[in-house]
Each structure stands twice: as C-alpha cells, then as structure tokens.
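Asker: Pasting the sequence and the predicted model now:
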Amino acid sequence: MRRVLWIAVAAVAIVLVWGVSAQAEVKAPEGFTALFNGKDLTGWGGMGHFDPRKVWAMNDEQKQAFFAKNLEDVKKHWRVENGEVVNDGHGVYLTTTEEYGDMEFLIDYKTVAKADSGIYLRSNPQVQIWDYTKAGGKWGIGAGKGSGGLWNCSRGNPGKDPLVLADKPFGEWNSFRIRQTGARTTVHLNGKLVVDHAVMENFWNRKKPLWATGPIQLQTHGGEIRWRNIFIRAIPPEEANTILRKKDGDGFTAIFNGKDFTGWAGPVQNYDITDGAIVCKPHKGGTIYTKDEYADFVVRFDFKLPPGGNNGLAIRYPGKGDTAYGGMCELQVLDNTHPRWAKLDPRQFHASAYGMVPAHRGFLRPAGQWNYQKVTVKGSTIQVELNGTLILDADLSKVTKFMGNRPHAGKDRTKGHFGFAGHSDPVAFRSIEIKKLD
C-alpha cells in the first residue's frame, strides 16, 4: 500500500471532530490496521462517483480545491456516532486518503429498507450492497440475489451476481471480508462465499484492466447506512503468489525439478540453478527449452527481475533460431520501470508478443520481488495474467502490422517447445509448471 499523493493536499483538513463520541480505542485483528479509529474520520476524505483518471490529470492546486470541496460535502452528510460511521444516504462517498493494492479488507455495515450502497475498490465500482427483498423494488436488476456481487462487471461474467444470498434482515449488522490479488476479487458476506476469485472489471475503461492500486470508497445511495470495524491488511507478494497459484487449480506438471536441467535442451551451460530457480548467467544467454513439445497449453511460474532485467518466454519454439520470429512468439520478460527501456516500442514491454501486440503496463512488482505469471496458449490466441491481472489477450492470426515492418514467419505455428530466451541478465524463474489443453 502507498500514500495517495492526489488526495494528500487536502488531508490536513480531515482531522476534524464533528460527531465525536467517547469510545474505547479500536483494536484491529492480528495483522490488520484499523482504518476507522471509532472517534473521528481521521484518514478519510471524500469523492463521489468520479473517474480517477481526471484526478490524476490535475495539478496540485486543482487537486487541493477539488478535495476541499468534497470535504465540505462529507461534513454535511457523514458523522461518527457511538463508534460507528453514519451516512444519511446522500453526498459524496467517504474515501480513504491512502490507496491499496493486494489486500484483505474487513468491514461491518447496517442499512435500511430500499437503501442501495456499495464499496468501491481502487476507486472502481463496486461490491454491491442493497435491499434484497422484493419490496425493495430492484429484483429486476438482480437485488433478489443479494449483496456482495461485483455488480458493475459485464452481464454473465463470474462475480457479477453473488453465489448465494447471504444478507441478514434489516436492523442486523452484516460483515464483509474482501480480498484482492491483482484484479482477482473474493468476497465473503456473513461468512458465506459470494464471489470466488472473480475479475473485477475496470468500470471506467473496460478495454483496460483494473489499475494496480487505488483508494477504498464507501458509497452513499439514498438510505442511511452505518459502518464499523473497518480493518485492512496488505497481502505481501509471496502470499499473493501462493493464493493465485492455488486458485489456478490442478492438472499441472512440473517441467523443472529445481535441481538440474533434466528434460531441457539448448545452451543450458549459460544458466545456473540457484535456490531452486533457473537463472541466466550475467553476459550469457540463448534460448533453453523443454525437450517436449506443446500445442495448446497453460504454463505458470514465478519470476524475479534484477533492475533493468531482460529475458523472454519462447512459445512454440522450433528448437533453433530467433524465437521472436521463428517461434509463435517471444513473450517479453522485462523490467519496464528501468530508464534503460524508456524509449522502447510498446510491443517490446513486459508480456508483449514481441513486435506484434503490446501488453498493458503497470502490474510488475518492483525489481527484486517475485512475480507470478500464467500464460494460456490456445490456437492462435495468447493470454497473459500477471500477478492476478490479465495484461495480454491477443489473437496473433489477426496481426498484420509488425514492428519495423518485419513479419514473424513462425507466428502461425501450432506446436513447439517452451523455454526461456535469455538476454545476458540474471532473470530468475522457479516453480515452472505446465498443463496440456489438447
């Protein structure tokens, strides 16, 4: 998690004491931090249903004016009462002054008949809260299925509707446990699983994935709602990787034993095995590859980049030549953040089908941390999910424009080896597993 620069300019005004009541200090569960101290709205500002990209485009003066105006609205419609955050059903949404990425979030709420609310994650709508009864008047848009769904996901997609009805009757407190790893979102309501590792779509631009971090917002929508026991825990990278791998299921076979290059071919002498990982030797390289060939498959692995590190995945590699052109493609493995690569063609950044299709940027962990990546190759299509976010979804049969006007002769290959195309940097790969789809 990191401090939100775009809201900090107004944060100094947020430590106000309207509606303060004498309450015992809030004690967070082990590993969690309290986002509400039970006394005042320290750590919170305000913002309504507003495209955060417009905030990012503001200068400091514009941001200060924007958040000061929102704060005045918060003071009109939000208060603290008996250790609870209370909203009258109107006004802008209570918004954290910090932003969060991979996290586990706990919160209780209690609302009234015909109310409609929700929780925005990373400024993105939303984990739905509403009147689940027929009298609420919204069965036609799914209210009868209950709260907790990712209601702004596309119709029919996993997560849009809750798996079970888990709401408690009005007048009783409901409890959410929400987990996000990348865009993958899991929601428990009152101890029942209602969303299982579903992708939260980017409401503001459905052609792009949900951004990596953002604030949490408590929505207001026409009826009083009360909140309490608001806690958060950042999920560290190793834990996130474990969660993602577990949720990707069974049926995978290890293709690297962590000890030697059994089952591999190519210039293996240019690579070391360190702590169970394949590591390209500095100033060495070349493509090493599995002796087995694969047609349609899913491969998953962890990788770690040194600053400015460069490598690649050989997809349906023929066993010789340049995998970026002779194979179906080379999927880039690259530290995008390093100044060394500032002027690359977009089709050269991490997870791009080299020279053909660019991947979305901004989802790598800092150099030196382990990332988790899953690649699905089916027919002429390739998908790459990095740290829980889909960053490439390409059909290479439709590519007609190539970087440097250099066609890729192997892009239509239907079978080949999987491997790593080292480019002199000590990029590390571990826990490499593959599942055949054919």
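Answerer: Everything's here; your move.

Asker: Would you mind confirming that residue 386 makes contact with residue 364?
Answerer: Yes - with contact defined as C-beta atoms under 8 Å, residue 386 counts as touching residue 364 (7.0 Å). All C-beta atoms are positioned from the backbone trio N, CA, C, and that covers glycine.

Asker: Quick check: residue 324 is in a helix.
Answerer: Yes - assessed by DSSP: H, G, I helix; E, B strand; the rest coil, residue 324 belongs to a helix.

Asker: From residue 412, how far off is it?
Answerer: Going from residue 324 to residue 412 by C-beta to C-beta, to the nearest Å gives 14 Å.

Asker: who's more crowded, these two?
Answerer: When residue 324 and residue 412 are compared for neighbours, residue 324 comes out ahead with 27 against 11, by other C-beta atoms under 10 Å.

Asker: For the more buried one, which non-adjacent residue is closest in space?
Answerer: Excluding its sequence neighbours, the residue lying closest to residue 324 (C-beta to C-beta, 6 or more residues apart in numbering) is residue 330, at 3.8 Å.

Asker: and residue 86, how many neighbours does it have?
Answerer: Neighbour count of residue 86, defined by other C-beta under 10 Å: 17.

Asker: Spatially nearest residue to residue 387 (excluding sequence neighbours)?
Answerer: In space, and not counting its chain neighbours, residue 387 is closest to residue 182: 4.9 Å by C-beta to C-beta, 6+ apart.

Asker: And residue 118, by the same measure?
Answerer: Of all residues not flanking residue 118 in the chain, residue 126 sits nearest, at 3.7 Å (C-beta to C-beta, 6+ apart).

Asker: Looking at that neighbour now. What's its pLDDT?
Answerer: As predicted, residue 126 sits at a pLDDT of 96.

Asker: Check the offset of whichever strand or helix holds it from the chain's centre.
Answerer: Counting by DSSP states H and E, the element that carries residue 126 is strand 124-130. Its chain's C-alpha centre and that of strand 124-130 lie 17 Å apart, by C-alpha atoms, centre = their mean, to the nearest Å.

Asker: Send over it as PDB, restricted to the C-alpha atoms.
Answerer: Output of strand 124-130 as PDB, limited to C-alpha atoms (Å, rounded to 0.1, in the frame of the first residue of the first chain):
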ATOM      1  CA  ASN A 124     -13.800   1.300  -9.000                       C
ATOM      2  CA  PRO A 125     -17.500   0.300  -8.500                       C
ATOM      3  CA  GLN A 126     -18.200  -2.000  -6.700                       C
ATOM      4  CA  VAL A 127     -19.000  -4.600  -4.100                       C
ATOM      5  CA  GLN A 128     -22.800  -4.200  -4.100                       C
ATOM      6  CA  ILE A 129     -25.000  -3.500  -1.000                       C
ATOM      7  CA  TRP A 130     -28.800  -3.200  -1.400                       C
END
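
Asker: Just after it, pick out the following helix or strand.
Answerer: Sequence-wise, the next helix or strand downstream of strand 124-130 (DSSP H and E) is strand 174-181.

Asker: Flag the shaky bits of the chain, pLDDT-wise.
Answerer: Applying pLDDT under 70 to the chain flags the ranges 1-24.

Asker: what about the helices in it?
Answerer: Using DSSP state H, the helices of the chain run over 5-11, 52-56, 60-77, 237-247, 323-326.

Asker: Run the angle between the fourth one and strand 174-181 for me.
Answerer: With axes from the mean of the first three to the mean of the last three C-alpha atoms, to 10 degrees applied, the angle from helix 237-247 to strand 174-181 works out at 100 degrees.

Asker: So what touches helix 237-247?
Answerer: 102, 179, 181-182, 184, 197, 235, 300, 302, 365, 369-372, 374, 387-388, 431 (C-beta atoms under 8 Å, 6 or more residues apart in numbering).

Asker: Among those residues, the buried ones, what's the PyMOL command?
Answerer: Applying 16 or more other C-beta atoms under 10 Å to the contacts of helix 237-247 leaves a buried subset, and the PyMOL line that selects it is:
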select buried, resi 102+179+181+182+184+197+235+300+302+365+370+371+372+374+387+388+431
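
Asker: Now, the contacts of helix 237-247 that are in strands?
Answerer: Using DSSP state E, the members of those that fall in strands are 179, 181, 184, 197, 300, 302, 370, 371, 372, 374, 431.

Asker: Dump these into TSV; add distance to residue 206 as well.
Answerer: Listed next are the ones in strands among the contacts of helix 237-247 as TSV, based on distance: C-beta to C-beta, whole Å:
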residue	distance to residue 206
179	23
181	21
184	17
197	20
300	26
302	29
370	30
371	25
372	24
374	21
431	32
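
Asker: Kindly indicate which of those residues lies nearest residue 35.
Answerer: Checking these against residue 35 by C-beta to C-beta gives residue 179 as the nearest, at 15.7 Å.

Asker: Can you tell me who residue 128 pairs with across the strands?
Answerer: Beta bridges link residue 128 to residue 118, judged by DSSP bridges.

Asker: so residue 230 makes contact with residue 36?
Answerer: Yes - contact criterion C-beta under 8 Å: residue 230 and residue 36 qualify, at 4.2 Å.

Asker: So for the two, which sits in the more crowded spot?
Answerer: residue 230 (27 against 24).

Asker: Could you give the bridge partners of the residue nearest to residue 324?
Answerer: Listed beta-bridge partners, residue 330: residue 314 (assigned using DSSP bridges).

Asker: got a list of what it touches?
Answerer: By C-beta under 8 Å, 6+ apart, residue 330 lies in contact with 312, 313, 314, 315, 322, 323, 324, 353, 354, 421.
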